[in-house]
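**Student:** Structure of the sequence below:
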Amino acid sequence: MRIMGLDFGAATCGVAISDELLITAQGIEVIRREKENQLRHTYQRIEELIKEYGVTKIVLGYPKHLNNSIGERAKKSEEFAENIKRRTGLEVVLWDERLSTVAAHRVLDLGEVSLKQKSQVVDKVAAVIILQGYLDYLANTAKVDAGKGTDGEN
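**Tutor:** Down below sits the predicted model:
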């Protein structure tokens, strides 16, 4: 069982995959497209990766505004999530990704990655950050649940 993380943008879709123990996220690739609304190749590639890695769930970055409102980019992500769910039959979790791209740029800056290299991988790194956040949430939720007694109290 693996989980796929996606950072869906106007021209790219960064892809990350969890390990089988759901502990770590690894960047796989960036799917690129010529035009924002030409998604056929993007869907096909995601479906190929789902089969290749045995993915059972997808976590899609949900780019809400800092004030928690839903803008145009988030609406496009909602549509993308529905289409993936319909095409694959898998659960798609919308995961708050505010500032994930900023964090990805910081990670790459710390690694002294060149501007050209950064533009090639930033979406993949953002997908890793999105998926790792979700995996950490799952792990922390499991720890909290494990610490509860039979009556639900600690």
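**Student:** what about the longest helix in the protein?
**Tutor:** helix 115-146 (DSSP state H).
**Student:** by contact count, what packs against that one?
**Tutor:** Helix 115-146 is packed against strand 2-8, strand 12-18, strand 25-32, strand 55-62, strand 91-96, helix 100-110, with contacts defined by 3 or more C-beta pairs under 8 Å, 6 or more residues apart in numbering; DSSP states H and E. For every residue, glycine as well, the C-beta is placed using N, CA and C.
**Student:** Out of those, which is closest to residue 132?
**Tutor:** Distances from residue 132 to each of those were compared by C-beta to C-beta, and the smallest falls on strand 25-32, at 4.3 Å.
**Student:** For that closest one, name the packing helices and strands.
**Tutor:** Of the remaining helices and strands, those touching strand 25-32 by 3+ C-beta pairs under 8 Å, 6+ apart are strand 12-18, helix 40-53, helix 115-146.
**Student:** Out of these, which is the most enclosed?
**Tutor:** Comparing the helices and strands packed on strand 25-32 on average neighbours per residue, with mean count of other C-beta atoms under 10 Å, the densest one is strand 12-18 at a mean of 25.
**Student:** Now distance to residue 83 and mean pLDDT too, for the helices and strands packed on helix 115-146, in a markdown table please.
**Tutor:** Written out in a markdown table, the entries for the helices and strands packed on helix 115-146 read as follows (distance: least, C-beta to C-beta, whole Å; pLDDT from 0 to 100):
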| stretch | distance to residue 83 | mean pLDDT |
| --- | --- | --- |
| strand 2-8 | 11 | 97 |
| strand 12-18 | 12 | 96 |
| strand 25-32 | 14 | 95 |
| strand 55-62 | 11 | 97 |
| strand 91-96 | 9 | 95 |
| helix 100-110 | 21 | 63 |
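**Student:** How about the contacts made by the closest residue to residue 93 other than its chain neighbours?
**Tutor:** Nearest residue to residue 93 in three dimensions, chain neighbours excluded: residue 59, at 4.9 Å (C-beta to C-beta, 6 or more residues apart in numbering). The contact partners of residue 59, taken as C-beta atoms under 8 Å, 6 or more residues apart in numbering, are 3-6, 92-93, 95, 130-131, 134.
**Student:** who's residue 59 bridged to?
**Tutor:** With beta bridges defined as DSSP bridges, residue 59 has these partners: residue 5, residue 93.
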